[in-house]
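# kindly generate the corresponding structure for this input.
(one chain, ligands or ions: 1)
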Amino acid sequence: MYLTKYFLPILKENPAEAQITSHRLMLRSGMIKQSSAGIYSWLPLGLKVLKKIEKIVVEEQVAAGHIPILMPTIQPSELWEESGRLDDYGKEMLRIEDRHGRLMLYGPTNEELVTDIFRSHISSYKDLPKTFFHIQWKFRDEVRPRFGVMRGREFFMKDGYSFDMDKDSAIHAYNRHMISYLRTYERLGLKAIPMQADTGPIGGDYSHEFLVLAETGESQVFYDKEITDLSLGDRNIDYSDQQAIATIVQDFTKPYARTDETHEQNLFNRIPNERRLSARGIEVGQIFYFGTKYSKSMGADVVLPNGDRTPVEMGSHGIGVSRLVGALIEANHDDLGIIWPSSVAPFDVVIINLKQGNEESEKACRQLYEDLILAGYDVLYDDRDERVGVKFATMDLIGIPWQIIVGPRDLADGFLELKCRKNGSKTRVPLTEGSRQLLSALNS
Ligand code: 5CA
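Reported below is the predicted structural model:
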C-alpha cells in the first residue's frame, strides 16, 4: 500500500476525551473514530488489526473442533421471554420496535438464539457433542461506556455455545475452550491469566475470566505469582484426549487467581508472602458452564441411549475481539506509540523513503516494495513528500514492527537501514543482496 493512496488520518494533538493510553493511541493513529458514545467506526488501520485478531480467534476455535456459524445482530424478544431474561437484562438491552409493533432487540449475547437453532434441529445424543461459535457485533447499553473500545456499547465478540449430553462432556467443552483461549492469547503475544469469576447475567456456577494485567484494567485481581510463569508454549494439544486436556486445565487453575468478586482473603493469605500479588486486569474473555439453565426453560432436550429425554448441558464462551485491540496496545507501547506484536500488526513492514522526489530513492523503494509483496509481506510504503522527522514520528506512532529506511546517502553506498520498532536496533543491509538478508531479518 502506497501511503499517499491510503487513508491514515493521524491526529497531531492528544484527544482530550481519551483517558487511557490505548484509547489515545487508537485515536491518534487513525484506527477508529467515535460516532456516538461507545460506538465507533473502524478506519483502515484499525480494521486490519481487528481482522487479524478475528482470524487467529477463528483458527484456534476451528482447531478445537468448534463450528463457525453467523447469527444476526437483531433478535426477536419472544425467545428472551421464554428464557425469562427479557426483564432480567434490564436497561443494558437495546430494545427496538419494528414497523409492525413487534418488540425486537439488538443482541447483547446469543444464548437464546443459539438454543433455538439447536432445538430446531438436534434431538438425539447421537448428534452430540456440538459447539457452535460466531464472531458478531453485540450491543450493551453500558451505563458508562469508556476507554474507547475497551468498554464500548457496540463491540465485536466471539461467542461460542457448547451442547453436551452430560456434565462430564460439558466440562470437557469448558476445558477445550480454556485451552483454545490460552493458545489464542499466546499467539496474539498476550499473557492472559484464567481467574475464577462471577457469572453475572449469563448465569451458572462455574466460570473463568481471562485477564491481561494492566494498570488501566477495570478489574481488581488477586493471584499467586506462580500462575504468571505458566504457558502452553509449543505444547502439542490433542483436543480429543479428555484426560490430557483436563490435566492441562488443572495446571492452569491450581494456583490462586481470582477477581475481586470471588476473592477470598483467608485462602489468599495461605500463599507465601512474596508470591501473593494484587493488580489491575483487563478482562479479554470469559467462559461459563451453566448446565441446563437455558435448555430447561426453552425445551432443548435430547434423547439418551436408554430412551429417556433430558435437557442438554450447555456452556457459553466469549472473547472480546474489539476489546483485545485496546488490551494489546495497553500491553505493547512506549512513549512514541504502539509496538504491534508481529501476529496482529496492520502491516509487516514499512518502507520509509527519506527523499521523496529523488529518482534513485524512489526507484529503490518501488523495487523493494515489489520484492516484498512478491515474498508475501503486507507492506506499507511511506511515499509522502514530508519531513523525515514527521515520517519517523508517524511510523513509530502506528507501530509497524519493521521499518526499512531508504535514504540517498546509504543508497549511494549500496545500503539501506532496517529498524526494529520494538527495541530500536538498526542494521545496515546491503541493497545488492537486499531482499535475501532483509527477508531473513523480517522472519526472525
Ligand atoms: N455469552 C457469554 C459468553 S459468549 C458472554 O456474553 N460473556 S461476557 O459477557 O463475559 O462477554 C464476553 C467478553 O466480551 C468479555 O470477556 C469482554 O472481553 C467482552 N466484552 C463484554 N462487554 C464488553 C464491552 N462493553 N465492550 C467491549 N468488550 C466487551
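# quick one, what contacts the residue in the stretch 201-350 of the chain that the ligand sits nearest to?
Per Cβ to the nearest ligand atom, residue 320 is where the stretch 201-350 of the chain lies closest to the ligand, at 2.3 Å. No exception for glycine: its C-beta is placed from N, CA and C like everyone else's. Residues in contact with residue 320 (Cβ atoms under 8 Å, 6 or more residues apart in numbering) are 155-157, 283-285, 327.
# what does it show for phi and psi?
phi -80, psi 90 (degrees, to the nearest 10).
# per-residue pLDDT, the residue in the stretch 1-150 of the chain that the ligand sits nearest to?
Of all residues in the stretch 1-150 of the chain, residue 109 sits closest to the ligand, at 3.8 Å by Cβ to the nearest ligand atom. Residue 109 carries a pLDDT score of 98 in this model.
# wait, doesn't it sit right on residue 202?
Yes. Here residue 109 reaches residue 202: they are 6.8 Å apart, a contact under Cβ atoms under 8 Å.
# find residues that contact each of these two.
Shared contacts of residue 109 and residue 202, counting by Cβ under 8 Å, 6+ apart, come down to residue 316.
# mean confidence for the strand ranked longest in the chain?
In the chain, with assignment by DSSP state E, the single longest strand is strand 276-291. Averaged over strand 276-291, pLDDT sits at 97.
# with stretch 133-153 instead?
On average, stretch 133-153 scores 97.
# contacts for stretch 81-90 next, please.
Residues contacting stretch 81-90 (Cβ under 8 Å, 6+ apart): 77, 80, 93, 108, 111-112, 115, 201, 294, 297-298.
# give me the buried positions along it.
82-83, 85-86, 89 (16 or more other Cβ atoms under 10 Å).
# let's have these in TSV, adding distance to the ligand, pLDDT and secondary structure.
TSV is the format used below for the buried residues of stretch 81-90 (distance: Cβ to the nearest ligand atom, whole Å; pLDDT from 0 to 100; DSSP: H, G, I helix; E, B strand; the rest coil):
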residue	distance to the ligand	pLDDT	secondary structure
82	17	97	helix
83	12	96	helix
85	11	95	helix
86	16	95	helix
89	11	91	coil
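# any idea how many residues pack against the closest residue to residue 172 other than its chain neighbours?
Nearest residue to residue 172, sequence neighbours excluded (Cβ to Cβ, 6 or more residues apart in numbering): residue 242, at 4.9 Å. Residues lying near residue 242 (other Cβ atoms under 10 Å) number 15.
# tell me how many other residues crowd residue 362.
Residue 362: 16 neighbours (other Cβ under 10 Å).
# which residues sit against the helix or strand harbouring it?
Assessed by DSSP states H and E, residue 362 sits inside helix 359-374. The contact list for helix 359-374 (Cβ under 8 Å, 6+ apart) reads 349, 351, 353-356, 379, 381, 383, 404, 406-408, 411, 416, 431, 434-435, 438-439.
# so what's residue 111 up against?
If you count contacts by Cβ under 8 Å, 6+ apart, residue 111 has them with 83, 161, 202, 294, 314, 316.
# actually residue 383, sorry about that
Contacts of residue 383 by Cβ under 8 Å, 6+ apart are 2-4, 353, 356, 362, 365.
# try 10 Å this time
Remark: with contacts taken as Cβ atoms under 10 Å, 6 or more residues apart in numbering, residue 383 is in contact with 1-6, 351-353, 356, 361-362, 365-366, 369.
# how close does it get to the ligand?
Residue 383 is 36 Å from the ligand, where distance means Cβ to the nearest ligand atom, to the nearest Å.
# confidence score at that residue?
Note for residue 383: predicted pLDDT of 97.
# pretty sure residue 140 sits against residue 105.
No. Contact between residue 140 and residue 105 fails when scored by Cβ atoms under 10 Å: they sit 11.0 Å apart.
# the more surrounded of the two?
residue 140 (23 against 20).
# need the contact list for the more buried one.
38, 89, 91-94, 106-109, 151-155, 157, 201.
# buried among those residues? Make that a ChimeraX selection.
Buried residues within the contacts of residue 140, by 16+ other Cβ under 10 Å, are selected in ChimeraX with:
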select :38,89,93,94,106,107,108,109,151,152,153,154,155,157
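# mind checking which of the contacts of residue 140 are in strands?
Mapping those onto strands (DSSP E) picks out 94, 106, 154-155, 157.
# near the ligand, from these?
For the ligand, the contacts drawn from the ones in strands among the contacts of residue 140 by Cβ under 6 Å from any ligand atom are 155, 157.
# show residues contacting the strand or helix carrying residue 247.
Using DSSP H and E, residue 247 maps to helix 242-253. With Cβ under 10 Å, 6+ apart as the test, helix 242-253 has contacts from 64, 168-169, 171-172, 174-179, 182, 193-196, 208, 227, 230-232, 235-239, 241.
# which among those residues count as buried?
Buried subset of these (neighbour count, 16+ other Cβ under 10 Å): 64, 169, 171-172, 174-179, 182, 193-196, 208, 227, 230, 232, 237, 239.
# filter the residues you listed down to the ones in strands?
Per DSSP E, the buried ones among the contacts of helix 242-253 map to strands at 193-196, 208.
# closest to residue 55 among those?
Ranked by distance to residue 55 (Cβ to Cβ), those are led by residue 194 at 22.9 Å.
# quickly list what the residue lying closest to the closest one once chain neighbours are set aside is bridged to.
Leaving aside its sequence neighbours, residue 194 sits nearest to residue 208 (Cβ to Cβ, 6+ apart; 4.6 Å). Beta-bridge partners for residue 208, by DSSP bridges, are residue 196, residue 287.
# what is the neighbour count of residue 131?
By other Cβ under 10 Å, 21 other residues sit near residue 131.
# point out the residues in the chain that sit beside the ligand.
Within the chain, the residues that sit near the ligand (Cβ under 6 Å from any ligand atom) are 109, 140, 142, 151-152, 155, 157, 159, 202, 283-286, 316-318, 320, 322-323.
# rerun at 5 Å
By the rule Cβ under 5 Å from any ligand atom, the part of the chain lying against the ligand is 109, 151-152, 155, 157, 159, 202, 283-286, 316, 318, 320, 323.
# among these, which one lies nearest to residue 54?
residue 157 (10.6 Å).
# what mean pLDDT does stretch 401-421 have?
94.
# going forward, begin numbering at 795 instead of 1
Got it, first residue is 795 now, which makes that one stretch 1195-1215.
# what are the buried residues along it?
Neighbour-count burial for stretch 1195-1215 flags 1195-1201, 1204-1205, 1209-1215 (criterion: 16+ other Cβ under 10 Å).
# tell me the gap between that stretch and the middle of its chain.
33 Å (Cα atoms, centre = their mean, to the nearest Å).
# what does stretch 858-874 give?
Centre-to-centre, stretch 858-874 and its host chain are 19 Å apart (Cα atoms, centre = their mean).
# how about stretch 894-911?
For stretch 894-911, the distance to the chain centre is 24 Å (Cα atoms, centre = their mean).
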